[in-house]
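S.K.: next comes the sequence, and after it the predicted model I'd like to discuss.
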Amino acid sequence: DTAVSQTPKYLVTQMGNDKSIKCEQNLGHDTMYWYKQDSKKFLKIMFSYNNKELIINETVPNRFSPKSPDKAHLNLHINSLELGDSAVYFCASSQAGYGYTFGSGTRLTVV
Amino acid sequence: AQSVTQPDIHITVSEGASLELRCNYSYGATPYLFWYVQSPGQGLQLLLKYFSGDTLVQGIKGFEAEFKRSQSSFNLRKPSVHWSDAAEYFCAVGGDKLIFGTGTRLQVFP
């Protein structure tokens, strides 16, 4: 049983398109996150939700909009995709910061 | 500001040799510290974590790490490296969010 699952695993799309990535966790954690890993492997937090409420919103373009319908789900919608959005996006969850569990990642390629 | 430094971008060791990956952090309070491993094309797997207590932490796959507050370090060690340990290793400090170092790529020669 996968603890944090993301879909899709791979996403190839053209510039200007809109796409969504979905994430679900079955660990009962209160907090979920989106991280971006760039081509140099650097991992940076984008957003954090605690029990459906946005608590961390790093400097991310407005084209990125997270949505948490319930505490087990956190989706990421990206409008007007650009070449620079190509990266691996990781979803994660945690309970009070006592360890973070990551999904397997979504590799987004914008062409 | 909170930050994590992994000074070694790339390390090469022979199989069976010992390993130490360095990590230094800057954090205002008592940190929660983590080491993650990422194999090519894979997600992040937690190797070990430190919250409090014993400063020598045992993890999975034979890894251990030692928290040294005076040096703001949390170095990862393994006494004998296996070829399957070749991967990218990330140190992270956390509280309400994880802040990652830039990673150390480990290459293992037979």
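M.R.: Thanks, I have it. Numbers count the residues shown, from 1 in each chain, chains lettered A, B, ... in the order given.
S.K.: ends of stretch A:18-36, what's the gap?
M.R.: 17 Å (C-alpha to C-alpha, to the nearest Å).
S.K.: tell me the buried residues in it?
M.R.: Within stretch A:18-36, the residues that count as buried by 16 or more other C-beta atoms under 10 Å in any protein chain shown are A:19, A:21-25, A:29, A:31-36. Placement of C-beta: from N, CA and C, glycine included.
S.K.: residue boundaries of the strands in the chain?
M.R.: Defaulting to chain A. A:4-7, A:10-13, A:19-25, A:31-37, A:43-50, A:53-57, A:64-70, A:73-78, A:87-94, A:100-102, A:106-110 (DSSP state E).
S.K.: oops, wrong one, chain B.
M.R.: Going by DSSP E, chain B shows strands at B:3-5, B:10-14, B:19-21, B:24-26, B:32-38, B:45-50, B:56-58, B:64-68, B:73-78, B:87-94, B:98-100, B:104-109.
S.K.: what does the fourth one rub up against?
M.R.: The one in question is strand B:24-26. B:1-5, B:7, B:31, B:33, B:71-74, B:91, B:93 (C-beta atoms under 8 Å, 6 or more residues apart in numbering or on different chains).
S.K.: determine which two of the buried residues of stretch A:18-36 are furthest apart.
M.R.: A:Lys19 and A:His29 (25.3 Å; C-beta to C-beta).
S.K.: quick one: contacts for the residue nearest to the spatial centre of chain A?
M.R.: By C-alpha atoms, centre = their mean, chain A has its centre lying nearest to A:Trp34, at 3.4 Å. By C-beta under 8 Å, 6+ apart, A:Trp34 lies in contact with A:Cys23, A:Ile45, A:Met46, A:Phe47, A:Ser48, A:Pro66, A:Leu74, A:Leu76, A:Tyr89, A:Phe90, A:Cys91, A:Ala92.
S.K.: for it, report the pLDDT, please.
M.R.: Listed pLDDT for A:Trp34 reads 97.
S.K.: residues contacting B:Tyr32?
M.R.: A:Gly97, A:Tyr98, B:Lys49, B:Tyr50, B:Phe51, B:Val93, B:Gly94, B:Gly95 are the contacts of B:Tyr32 under C-beta under 8 Å, 6+ apart.
S.K.: now a PyMOL select for only the buried ones of the residues you listed.
M.R.: Here is the PyMOL command that selects only those of the contacts of B:Tyr32 that count as buried (16+ other C-beta under 10 Å):
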select buried, chain B and resi 49+50+93+94
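S.K.: thank you, goodbye.
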